[in-house]
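J.: pasting a predicted model and its sequence here:
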Amino acid sequence: MMRENQQIKELLRCHIPNERLLENEPMSNHTSFKIGGPVDFLVLPETTEEIQSTVKMLKREEIPFMIIGNASNLIVRDKGIRGVVIKLGESYNRCRITGEEVWAQSGILLSRLAKKVAQASLKGMEFASGIPGSLGGAVYMNAGAYGGEMKDIVTSVTALNQNADLIELPLEKLEMGYRSSILQKLDYAVLEVAIKLEKGDQEQIFARIKELDLQRTTKQPIQYPSAGSVFKRPEGYYAGKLIQDCNLKGYTVGGAQVSTLHCGFIVNRGNATAKDVLDLISKIQHTVKKEFDVDLEREVRVIGEE
């Protein structure tokens, strides 16, 4: 049986200081969708040691937990999450640049890291400058955009395995494919990432970042909360085009809407619930299957109580 919340809190306080331990915290404050019910405890670690010791304790005490990144690819259900969520975000975002090699903690935002390496006149990460979310999440799902993918720049990853042991995985063992990696299959948490880039012309690097940012702002509905592309690209098709061809542009369920700018996105128009979004996803999948006999597979993760 799960321990009482007061007991869990006391156990957590042995590993995480009070100011980085949030109780009954709305997950809507922590997801890019601005949606999600409360989690019993949200932990914001600053060091790898804090993460490892917290996870070992939670496993030993059989307290349910999950590790998330910046939650930009996540839908948290309306009833929230029981147990503990460890968020690798703003508090876990250190990075170091040595020559052409970059080391960073997984909570750093991709956009922030891309700008930092550009300032160091390193090229190769421009494609990631506009991808929302953290470095860890991007490596976990091999995020990509504008012809680049994380597998093009990552050299190794320090991850936490199922026994809460730290393991280092070189690129050749990461099995990075389209929106996938061995980290997903084994359910490992990305903690630290090593990246190799090339020296370049700083002016040209920033010009490329500016060009890609402009493309993103004109083609994606960044003025509304969302979780990016909702569906994986089906073989031989584009999800957004299929959805548009089903006349679902602007289709609304509650506060959730198929974006009028890019049909591959679902946006929160201000008061959407997780149920609204999930009902809209089901409507899209059903309609596309009926019209084109194509199965749309979700790219966003769904967590929390039904």
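T.: Perfect, thanks for sending it. Numbering: from 1, shown residues only.
J.: end-to-end on stretch 255-271?
T.: 5 Å (Cα to Cα, to the nearest Å).
J.: chain center to the lowest-mean-pLDDT helix or strand in the chain, what's the gap?
T.: Lowest mean confidence among the helices and strands of the chain (mean pLDDT, DSSP states H and E): strand 144-145, at a mean of 86. Its chain's average C-alpha position is 13 Å from that of strand 144-145, according to Cα atoms, centre = their mean, to the nearest Å.
J.: quick one: contacts of that strand?
T.: For strand 144-145, contacts defined as Cβ atoms under 8 Å, 6 or more residues apart in numbering pick out 127, 128, 130, 131, 150, 179, 212. Bear in mind the C-beta positions are built from the backbone N, C-alpha and C, glycine included.
J.: tell me where the stretch 151-300 of the chain has helices.
T.: In the stretch 151-300 of the chain, the helices defined using DSSP state H, counting those that start in this stretch lie at 182-186, 202-219, 239-245, 274-292.
J.: which among those is found nearest to residue 252?
T.: Among the helices of the stretch 151-300 of the chain, the nearest to residue 252 by Cβ to Cβ is helix 274-292 (7.7 Å).
J.: flag every buried residue along the closest one.
T.: By neighbour count on 16 or more other Cβ atoms under 10 Å, the buried set for helix 274-292 is 274, 275, 276, 277, 278, 280, 281, 283, 284, 285, 287, 288.
J.: could I get these as CSV with distance to residue 106?
T.: Output for the buried residues of helix 274-292, formatted as CSV (distance: Cβ to Cβ, whole Å):
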residue, distance to residue 106
274, 25
275, 30
276, 30
277, 26
278, 27
280, 30
281, 27
283, 34
284, 31
285, 31
287, 37
288, 34
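J.: okay if I get those as a markdown table plus pLDDT and distance to residue 66?
T.: Converted to a markdown table, the buried residues of helix 274-292 look like this (pLDDT from 0 to 100; distance: Cβ to Cβ, whole Å):
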| residue | pLDDT | distance to residue 66 |
| --- | --- | --- |
| 274 | 97 | 16 |
| 275 | 97 | 20 |
| 276 | 98 | 23 |
| 277 | 98 | 19 |
| 278 | 98 | 18 |
| 280 | 98 | 24 |
| 281 | 98 | 21 |
| 283 | 98 | 28 |
| 284 | 98 | 26 |
| 285 | 98 | 25 |
| 287 | 98 | 32 |
| 288 | 98 | 30 |
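J.: residue 230: which of the residues you listed is nearest?
T.: Using Cβ to Cβ, the buried residues of helix 274-292 come closest to residue 230 at residue 281, 6.4 Å.
J.: my read: that closest one touches residue 243, true?
T.: No - applying Cβ atoms under 8 Å as the test, residue 281 and residue 243 come out as separate, 10.7 Å apart.
J.: now residue 50, what's its secondary structure?
T.: When classified by DSSP: H, G, I helix; E, B strand; the rest coil, residue 50 comes out as helix.
J.: neighbours of it, how many?
T.: 19 (other Cβ atoms under 10 Å).
J.: check residue 203 too.
T.: Neighbourhood size, residue 203 [other Cβ under 10 Å]: 9.
J.: look up how far residue 243 lies from residue 237.
T.: From residue 237 across to residue 243, the span is 10 Å (Cβ to Cβ, to the nearest Å).
J.: the two - which one has more neighbours?
T.: residue 243 (27 against 14).
J.: isn't the more buried one right up against residue 258?
T.: Yes - at 6.3 Å, residue 243 counts as touching residue 258 under the criterion of Cβ under 8 Å.
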